[in-house]
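**Q** Build me a model:
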Amino acid sequence: MKFNPEKHHRRSIRLKNYDYASQGYYFVTMCVKNRELLFESVLVKEMIEKWWLRIPERFLGVLVDEYVIMPNHFHGIIVIMPKNDVGVSQRGYPKSQSQRGCPNIDDGRGRPRWVAPTYIAPTLGNIVGWFKTITTNEYIRGVKETGWKEFSGKLWQRNYYEHIIRNEKELQKIREYIVNNPLKWKLDMENPESENFELDTEKYFEKNLQE
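**A** You can find the predicted model right below:
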């Protein structure tokens, strides 16, 4: 079955009024635009993996858990830690960075001035947005310098699927789903040739995670 942008679109599946900067485990799925099979080569997979593993370096108090890179999509678990567990001082910036600070371009005398950074809890959208942007930029370099498959418009689908993991049992179930995902590629809903290639992403994952 070929991809039809009019039929196989992604509706918004964000929960209304949910604070996506609050602590929790989140199962996320990001898809290549139009389900193009752009992530099949080893070099591309290594690039995607590299930036996924660097998320904790970019976002204080964020961890990454199980993940898998499929030919045209990515599954992973993002963990946002409670503010008190990431060493945030009462002044509102990370204790580990309070002495180092961050540079301000000019102190009025032509010298750099150092000020303490402000800690702002990242939202899930911030994290996913950064990951998509940084991987897109490097993929474009790969197209120009290494001959990776070209794409038109955007690398990633505009939206993404997210599921709030509510307990340990569900966490283990999702980890197993991610690990076993490559074995089920022929039946995967993101595979344009699969009989399960379907519209309702939310119902598909609910069904698979309950089995």
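
**Q** Looking at stretch 174-188 now, give me its mean pLDDT.
**A** Within the predicted structure, the mean pLDDT of stretch 174-188 is 82.

**Q** lowest average confidence, helix or strand, in this protein?
**A** When the helices and strands of the chain are compared on mean pLDDT, DSSP states H and E, strand 102-104 comes out lowest with a mean of 42.

**Q** quick one, helices of this structure?
**A** 42-53, 55-58, 124-146, 168-180, 201-210 (DSSP state H).

**Q** who wins for proximity to Gly76 among those helices?
**A** Proximity to Gly76, assessed across these by C-beta to C-beta, is greatest for helix 42-53 (6.2 Å). All C-beta spots, glycine's among them, are computed from the backbone N, C-alpha and C.

**Q** Identify all contacting residues around the closest one.
**A** Residues external to helix 42-53 that are found in contact with it (C-beta atoms under 8 Å, 6 or more residues apart in numbering): 38-39, 64, 67, 69, 74, 76, 131, 134-135, 138-139, 142, 146, 148.

**Q** so which of these comes closest to Leu155?
**A** If you rank the contacts of helix 42-53 by distance to Leu155 using C-beta to C-beta, Tyr139 comes first, at 5.5 Å.

**Q** Could you count how many residues lie near the closest residue to that closest one other than its chain neighbours?
**A** Here the nearest residue to Tyr139 in space, its sequence neighbours aside, is Leu155; by C-beta to C-beta, 6 or more residues apart in numbering that works out to 5.5 Å. By the measure other C-beta atoms under 10 Å, the count of residues near Leu155 is 21.

**Q** what sits against Ile140?
**A** Leu155.

**Q** Now do it against Asn181, distance only.
**A** Computed with C-beta to C-beta, to the nearest Å, the distance linking Ile140 and Asn181 is 26 Å.

**Q** again with Leu60
**A** The separation that Leu60 has from Asn181, given C-beta to C-beta, amounts to 29 Å.

**Q** what residue ranges in the protein score low on pLDDT?
**A** 1-22, 83-120, 185-211 (pLDDT under 70).

**Q** Could you rerun that using 80?
**A** Residues of the chain that meet the criterion pLDDT under 80 lie in 1-23, 82-121, 184-211.

**Q** sorry, back to before: out of the contacts of helix 42-53, which two sit at the greatest distance?
**A** Checking those against each other with C-beta to C-beta, the farthest-apart pair comes out as Val64 and Thr146, at 25.5 Å.

**Q** of those two, who's got more company?
**A** Looking at Val64 and Thr146 with other C-beta under 10 Å, you find the greater number of neighbours at Val64, namely 17 against 12.

**Q** Contact partners for the more buried one?
**A** 52-53, 55-56, 76-79.

**Q** Just the buried subset of those, please.
**A** 52, 55, 76-79 (16 or more other C-beta atoms under 10 Å).

**Q** OK, contacts around the nearest residue to Arg58 once chain neighbours are set aside?
**A** With C-beta to C-beta, 6+ apart as the criterion, Arg58 has its nearest non-adjacent residue at 6.2 Å, and that residue is Trp130. Residues in contact with Trp130, defined by C-beta under 8 Å, 6+ apart, are 55, 58-59.

**Q** from those residues, which single one is nearest Ile174?
**A** Relative to Ile174, the closest of the contacts of Trp130 is Ile55; by C-beta to C-beta it sits at 17.6 Å.
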